[in-house]
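Visitor: Have a look at this prediction, sequence included:
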Amino acid sequence: MILSPAWKGRKYAVLGLARTGRATVEALLAAGAEVTAWDSREDAREAFAGRVTLADPVETDLTGFEAVLVTPGVPLNTHPIKPHADKFGVPVIGDIELFAQAREHLPPHKVVGITGTNGKSTTTALTHHILKTAGVPTTMGGNIGLPILGQEPLPEGGVYVLELSSYQIDLTYSLDCDVAVLLNVTPDHLDRYESFEAYAAAKARLFEMNTIREDWGRVIVVDDPMAATIASRTDCVFDVGSKWLANQDPSHLSLQLHWPTLQGPHNAQNAAAAIQTCRSLGLDWTDINRGLRTFPGLPHRMERVGERAGVLYVNDSKATNTAAAAPALAAFEKIHWIVGGQAKEPGLGETEQHIGHVTAAYTIGEAGDAFADALAPHCPVSRCGTLDIAVHTAALAAKPGETVLLSPACASFDQFRDFEDRGDRFRALVHALADSEATP
């Protein structure tokens, strides 16, 4: 558990007791803080009965409190906690800010912060994997893996690799990353920000908190227009787009051909960012190349879940907007595309440039009809409604050498708990196809 002696005897309020909130409360209690905590779920509150003061911070006199901690899922633009805390002059922060405060009490280490609309999970996991295979003590947290405060401190020389959403950046004020990475900024989460520019500014704050270090710096994939704009305003930048990767020495990199889980142009960008990050941390090409070759990939991100009758089935459920779905459409040909869910934006967005790869489309969820109407001029469309019907229909239509791709370009909350639940369901449906094929 990561702690700071500075928390001892101070008063904190914690709103939200899911995984991150629980880890935050446990760390504060272990450090000797006084904690007021709340969650709308009774079972979540009961887990802390007798250990904390159970009260809603929105209805609490916050005089004398050090901070209110909220989970990234609390919308600061609409939730009453922010104006309530402001009345008492109490900051609203997250667990990443507590980690930043605890850093001075940890063994000497470095922190990598990785943000971007798309690709940050892959880049975070890849950077962590390269470091780990090179023998560097490392862990990953933030928006991926276990809550950072619940993890054990790394020994001297360790590297904390943090995936950071814009929401998490909004809730920290002192996270000074040794290497900060911005992959891209495309329209997303606009229900939480007044404009696209405000969302981009939230991402850019990761750099604004940085101390400029000689021979260190910020890694930005400048193939993305907004990232390039932010790069133009930022000192000590390593520009690492696809052209940068193409200009590296192929005898060292062996190029993407030999990175089995990092195919497609988007993964070229993710790999470029991870490579430059690890170079900034002092790794040599041999160690970096070993990590690129052995990276296992992430579930739900262009995950090959099986092959049936010569047809490949790919789970890209994590593609929750059109910019995230476009790379998968670019990476495969003769695609039977399962698309739809809870739309974050109108139209086909960045997927439109790859429609030529789509043999047929199968629409699901709330946005199913809108996608069907948009795709009808380009390819045959089946309005399936649900994922099980879509998988079954696509399996009947697909021919050997073709790909059935779940890359929904939408959020999952209309029909599933989250994108993992959606991807798990797709995987189960594909495996059921294989089982039925094997049944005499």
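Guide: The structure has been received and is ready for your questions.

Visitor: Near residue 94, how many other residues are there?
Guide: Counted with other Cβ atoms under 10 Å, the neighbours of residue 94 add up to 24. The C-beta positions use only the backbone N, C-alpha and C, and glycine is treated the same way.

Visitor: Let me know the secondary structure of the residue most central in space within the chain.
Guide: Closest residue to the average C-alpha location of the chain: residue 121 at 4.2 Å, with Cα atoms, centre = their mean. Of the three states, residue 121 takes helix under DSSP: H, G, I helix; E, B strand; the rest coil.

Visitor: Spatially nearest residue to it (excluding sequence neighbours)?
Guide: Excluding the flanking residues, the one nearest residue 121 by Cβ to Cβ, 6 or more residues apart in numbering is residue 144, at 5.5 Å.

Visitor: how close does that neighbour sit to residue 178?
Guide: Plainly put, residue 144 is 18 Å away from residue 178 if you go by Cβ to Cβ, to the nearest Å.

Visitor: which residues touch the residue nearest to the centre of the chain?
Guide: Residues near residue 121 by Cβ atoms under 8 Å, 6 or more residues apart in numbering: 143-144, 163, 298, 301, 318.

Visitor: among those, which two are most distant?
Guide: Farthest-apart pair in the contacts of residue 121 is 143 and 301; separation 13.8 Å (Cβ to Cβ).

Visitor: how about stretch 29-41: buried residues?
Guide: 29, 31, 33-39 (16 or more other Cβ atoms under 10 Å).

Visitor: Select from the residues you listed every entry located in strands.
Guide: Judged by DSSP state E, strands contain the following of the buried residues of stretch 29-41: 34-38.

Visitor: Of those, which is the nearest to residue 407?
Guide: Nearest to residue 407 among those is residue 38, at 37.8 Å by Cβ to Cβ.

Visitor: hang on, isn't that closest one packed against residue 57?
Guide: Yes: using Cβ atoms under 8 Å, residue 38 is in contact with residue 57, at 6.1 Å.

Visitor: Which neighbours do these two have in common?
Guide: Here residue 38 and residue 57 have 13-15 as joint contacts, going by Cβ under 8 Å, 6+ apart.

Visitor: Rebuild those as JSON lines, extending it with distance to residue 273 and secondary structure.
Guide: Below are those laid out as JSON lines (distance: Cβ to Cβ, whole Å; DSSP: H, G, I helix; E, B strand; the rest coil):
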{"residue": "13", "distance to residue 273": "36", "secondary structure": "strand"}
{"residue": "14", "distance to residue 273": "33", "secondary structure": "strand"}
{"residue": "15", "distance to residue 273": "33", "secondary structure": "strand"}
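
Visitor: Nearest to residue 290 among these?
Guide: Of all these, residue 290 sits closest to residue 14, with 41.2 Å by Cβ to Cβ.

Visitor: Local confidence estimate at the closest one?
Guide: Per-residue confidence (pLDDT) for residue 14: 98.

Visitor: who does it bridge with?
Guide: Beta-bridge partners recorded for residue 14 (DSSP bridges): residue 37, residue 69.

Visitor: and it, what does it touch?
Guide: Applying Cβ under 8 Å, 6+ apart to residue 14 gives the contacts 21, 24-25, 28, 35-38, 52, 57, 68-70.

Visitor: go with 6 Å
Guide: By Cβ atoms under 6 Å, 6 or more residues apart in numbering, the contact set of residue 14 is 21, 24-25, 37, 69.

Visitor: ok, those vs residue 392, which is closest?
Guide: Nearest to residue 392, judged by Cβ to Cβ, of the contacts of residue 14 is residue 21 at 39.6 Å.

Visitor: could you show me where the strands are in the stretch 101-250 of the chain, in order?
Guide: Using DSSP state E, counting those that start in this stretch, the strands of the stretch 101-250 of the chain run over 109-115, 138-142, 158-163, 179-182, 217-220, 237-239.

Visitor: Oh, that last question was meant for the stretch 251-400 of the chain, not what I typed.
Guide: Using DSSP E, counting those that start in this stretch, the strands of the stretch 251-400 of the chain run over 303-308, 311-315, 335-340, 358-364, 381-385.

Visitor: Please render those strands as CSV that adds distance to residue 273 to the earlier fields.
Guide: Listed next are those as CSV, based on distance: least, Cβ to Cβ, whole Å:
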stretch, distance to residue 273
strand 303-308, 21
strand 311-315, 23
strand 335-340, 26
strand 358-364, 28
strand 381-385, 36
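
Visitor: Which among those is found nearest to residue 174?
Guide: Per Cβ to Cβ, nearest to residue 174 of the strands of the stretch 251-400 of the chain: strand 303-308, 36.4 Å.

Visitor: how about the closest one: buried residues?
Guide: Buried, per 16+ other Cβ under 10 Å, within strand 303-308: 303, 305, 308.

Visitor: can you tell me which of the ones in strands among the buried residues of stretch 29-41 lies nearest to residue 101?
Guide: The closest of these, once distances to residue 101 are taken by Cβ to Cβ, is residue 35, at 15.7 Å.

Visitor: Thought residue 51 was touching that closest one, still the case?
Guide: No: Residue 35 lies out of contact with residue 51 (Cβ atoms under 6 Å); the separation is 7.9 Å.

Visitor: my read: residue 366 touches residue 413, true?
Guide: No: Residue 366 lies out of contact with residue 413 (Cβ under 6 Å); the separation is 9.3 Å.

Visitor: Report the set of residues contacting both of the two.
Guide: residue 342.
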